[in-house]
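Peer 1: Predicted model and sequence below, questions to follow.
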Amino acid sequence: MKKIYFTFLFKSVFLFSNSFAQELSPPLTTKAKLTSFSTKYDKAKITSALKIVELVINSDEFKNKVLAHQFKGQTQYHENEGLSNLEIYQKIMTGEEDLIPGIDHIMNYDLALYRTKNPWSSVKGYTNPGKLRIYINKKFFRRSSYSCIDVASNLVHEWLHKLGFGHDFNHNADRPFTVPYAIGDIAYEVGMELGLDKSVPCP
């Protein structure tokens, strides 16, 4: 007997509960273009990190933590683009980047390793507005102490910029509660809670 899948768009004229619509939504997957991942170590590590991203993002634990996040005593994020926690979660699960319009349920990654000229830099990765490419700092990426879950957390953070979420450039008390920082941290927490540091091989 063939299985039949139905896709419901948020703007449908029919009204469904959010939970029902989410049950019918396909899982979020990753698609990556890699630049300067020249060694077997580099390729193995980023492959494992992307696998962790998929496992985390599609978990109930991730969903529950994203929905429950609070800022200043309210269930919300700082600099949330006027969206509720549920709307932020739903936007994540569409996979609709600002530069790739259309709901495809894919986290599109254009990743490049770079070597910083500043030996004191604490920047693990960055991206620029208006461009898909995300740069990952070799200084951290190639450290054995920088786990695949650490990489996955940073990948989630940077990809959220591609959905249009931002944060202050300078450190301040509110920045950890922005969508990229808070949900990047949630991705790390969920990865550890699910034991992905042990179940997903990391070189």
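Peer 2: Received, thanks.

Peer 1: If you count neighbours, what's buried in the top strand by length along the chain?
Peer 2: The longest strand of the chain (DSSP state E) is strand 106-114. Within strand 106-114, the residues that count as buried by 16 or more other Cβ atoms under 10 Å are Ile106, Met107, Asn108, Tyr109, Asp110, Leu111, Leu113. Placement of C-beta: from N, CA and C, glycine included.

Peer 1: among those residues, which two are most distant?
Peer 2: Ile106 and Leu113 (22.0 Å; Cβ to Cβ).

Peer 1: got the contact list for Glu193?
Peer 2: Glu61 (Cβ atoms under 8 Å, 6 or more residues apart in numbering).

Peer 1: Offset the numbering so it begins at 651, please.
Peer 2: With the count now opening at 651, the last piece we talked about shows up as Glu843.

Peer 1: Let me know the pLDDT of it.
Peer 2: Here the pLDDT value assigned to Glu843 is 98.

Peer 1: what about it, distance to Asn804?
Peer 2: Remark: distance between Glu843 and Asn804 (Cβ to Cβ, to the nearest Å) = 18 Å.

Peer 1: right, and Ser734 touches Gln726 too?
Peer 2: Yes: if you go by Cβ atoms under 8 Å, Ser734 and Gln726 touch, sitting 7.3 Å apart.

Peer 1: Tell me which helix or strand the most centrally placed residue in the chain sits in.
Peer 2: When Cα atoms, centre = their mean is applied to the chain, the residue found nearest the centroid is Val806 (2.2 Å). In the assignment (DSSP states H and E), Val806 maps to helix 798-812.

Peer 1: What helices and strands are in contact with that helix?
Peer 2: Applying 3 or more Cβ pairs under 8 Å, 6 or more residues apart in numbering; DSSP states H and E, one finds that helix 798-812 contacts helix 690-707, strand 756-764, strand 775-777, strand 783-787, helix 829-843, helix 846-849.

Peer 1: among the ones you listed, which is the most enclosed?
Peer 2: Ranked by average neighbour count under the criterion mean count of other Cβ atoms under 10 Å, the helices and strands packed on helix 798-812 are headed by helix 829-843 at a mean of 21.

Peer 1: Quick one: work out the angle between that helix and helix 798-812.
Peer 2: Calculated by axes from the mean of the first three to the mean of the last three Cα atoms, to 10 degrees, helix 829-843 forms an angle of 150 degrees with helix 798-812.
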